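K.L.:
return atomic coordinates for the entry below.
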Amino acid sequence: MLNLIDLELASYDSWTAFEQIDRQGWILRFADGATKRANSANILTPHHDNLHQAIADCESFFTTRSQPTIFRLFSFVENARLHSMLADAGYCFVDLHLAPGNIDVKTATTYKGKPSLNIE
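P.N.:
Purely as a prediction, here's the structure:
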């Protein structure tokens, strides 16, 4: 069976970033604004010791690099609590990507203060 987290991690080798940090399964990537995949917090694990602090750490990481904070959320990682916390902090969905074929993957990208997309 295809391991979707391993597939996502492998894609980072072809979509390189200047800087990449793993913070308890949250992969923070910086490439000076070229693409969202290479300039975002990629949430590959549902659990984090302190979600409020983790969100603040992501915001600090991107703010110090003069980039907007972008969270990439994957359908294969349960994040209902995180989705709610991001919405409460002013983030909303702006992009939805669906994988072709029989792979059940949806990726949603969030920005703070942008118009919302409904994801069903």
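
K.L.:
toward the C-terminus, what is the element adjacent to the helix or strand harbouring N42?
P.N.:
Assessed by DSSP states H and E, N42 sits inside strand 41-43. Where DSSP H and E defines the elements, the next helix or strand beyond strand 41-43 is helix 51-63.

K.L.:
got any ranges where the chain has weak pLDDT?
P.N.:
Along the chain, the model assigns pLDDT under 70 to residues 1-2, 96-120.

K.L.:
assess the claim that K36 and F71 are in contact.
P.N.:
No: using C-beta atoms under 8 Å as the test, K36 is too far from F71 to be in contact (10.0 Å). Backbone N, C-alpha and C define where each C-beta goes, glycine included.

K.L.:
the more surrounded of those two?
P.N.:
Neighbour tally, K36 and F71, criterion other C-beta atoms under 10 Å: the higher count belongs to F71, 24 against 19.

K.L.:
you'd agree the more buried one is up against Y91?
P.N.:
Yes: shown here, F71 and Y91 form a contact pair, counting by C-beta under 8 Å, at 6.8 Å.

K.L.:
do a quick rundown of the helices in this structure.
P.N.:
Using DSSP state H, the helices of the chain run over residues 4-14, 51-63, 80-88.

K.L.:
quick check, central residue of the protein?
P.N.:
Nearest residue to the geometric centre of the chain (C-alpha atoms, centre = their mean): R72, 2.1 Å.

K.L.:
okay, and the beta partners of it?
P.N.:
On the basis of DSSP bridges, R72 is bridged to N42, T109.

K.L.:
now do it against A41, distance only.
P.N.:
As judged by C-beta to C-beta, to the nearest Å, R72 and A41 stand 7 Å apart.
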